[in-house]
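K.L.:
can't give you the sequence, but here's the structure:
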């Protein structure tokens, strides 16, 4: 590919002239071709372009010719001092992308939440994970022989600490903004300007542990931890395909809660209590057993599923389900076991 030359003859300091087309750039050394400033309208092949091949056999340039090319280069690159200084200042004023850590594009990207964060917030992954982890933790505490009433003092202390923190942040907008920004993975949008749902969670457990037997308390925690999580997860995913029972409550979510309640009952009364009963329990800890009830295990499991689904549906007085599920399930299960007690 040939490169056109400027049409106006140029004179060198030595008095020689270089006419248009008198010398072809194909014969110039590679270093000269790379540095030559061409007419903006002419075509130019970058040195890095793989289509550009320099043919050494065409080099037939004398030292005088090299001086002429050097003169052309100097004249082309000779800028007015004021104009050059202005260009230098403009270049400094407009840094290259990525050179300035406070670049607007970077700043916008930092302000925009990542897709991972949006996904975690939308589906409450971390919050649900912590919510569901209470179940295994409670079963582990049961295997260690810890009575539910031993949890009451630490739960009350935690309730007081969180309540004071929420009271302070809700009366201090700047502090509230910082806390919400830090704990974005736990605080729901509805809790930004209201008390955290954890308070209702703790309060509900404290009430159940105060009045319910050990096995009923254990079931209440599992229904709160697992049945509520299952209802929320499946309700969001498949609720649009099933009839709506109540505002915000679908058949898919209620059925998931029911199934989880049934499985939780079998897990507790068919495995954990028989295996660990003599090791961790004292007389009176376990309120339901085949010997002490007219209600067999299968009916009791179905009843647990119904209680789980019904407790999850309760929405009167805008009651938080973190409170209604453990309290209502504890009351219903305790009442049913007491009714069929021998």
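P.N.:
Okay, I see it. On a predicted model such as this, the values are computed, not experimentally measured, just so you know. Residues are numbered from 1 along each chain as shown.
K.L.:
Can you pull the poorly scored residue ranges out of the stretch 101-250 of the chain?
P.N.:
Counting by pLDDT under 70, the stretch 101-250 of the chain contains low-confidence residues at 101-113, 117, 119-124, 185.
K.L.:
those strands in it, which residues are they?
P.N.:
Under the criterion DSSP state E, counting those that start in this stretch, the stretch 101-250 of the chain carries strands at the ranges 244-246, 249-250.
K.L.:
for those strands, which one sits closest to residue 189?
P.N.:
strand 249-250 (19.5 Å; C-beta to C-beta). (C-beta placed from N, C-alpha, C; glycine too.)
K.L.:
looking at the strands of the stretch 101-250 of the chain, which is closest to residue 238?
P.N.:
Across the strands of the stretch 101-250 of the chain, residue 238 has its closest neighbour in strand 249-250 (7.7 Å, C-beta to C-beta).
K.L.:
which neighbours does the closest one have in its sheet, and in what orientation?
P.N.:
For strand 249-250, the pairing partners within the sheet under DSSP bridges are strand 244-246 (antiparallel).
K.L.:
Could you pull out the helices in the stretch 101-250 of the chain for me?
P.N.:
Listed in chain order, the helices found in the stretch 101-250 of the chain under DSSP state H, counting those that start in this stretch are 104-111, 115-123, 125-143, 152-170, 173-182, 197-211, 214-222, 228-238.
K.L.:
relative to helix 228-238, how tilted is the third one?
P.N.:
To tie it back to what came earlier, the one meant is helix 125-143. An angle of 150 degrees separates the directions of helix 125-143 and helix 228-238 when computed by axes from the mean of the first three to the mean of the last three C-alpha atoms, to 10 degrees.
K.L.:
by contact count, what packs against helix 125-143?
P.N.:
With contacts defined as 3 or more C-beta pairs under 8 Å, 6 or more residues apart in numbering; DSSP states H and E, the packing partners of helix 125-143 are helix 214-222, helix 228-238, helix 273-280.
K.L.:
Turn the ones you listed into JSON lines, columns for mean neighbour count.
P.N.:
Listed next are the helices and strands packed on helix 125-143 as JSON lines, based on neighbours: other C-beta atoms under 10 Å:
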{"stretch": "helix 214-222", "mean neighbour count": "26"}
{"stretch": "helix 228-238", "mean neighbour count": "21"}
{"stretch": "helix 273-280", "mean neighbour count": "13"}
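K.L.:
May I see those organised as a markdown table, with distance to residue 327 added?
P.N.:
Supplementary listing: those in a markdown table, determined by distance: least, C-beta to C-beta, whole Å:
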| stretch | distance to residue 327 |
| --- | --- |
| helix 214-222 | 8 |
| helix 228-238 | 13 |
| helix 273-280 | 23 |
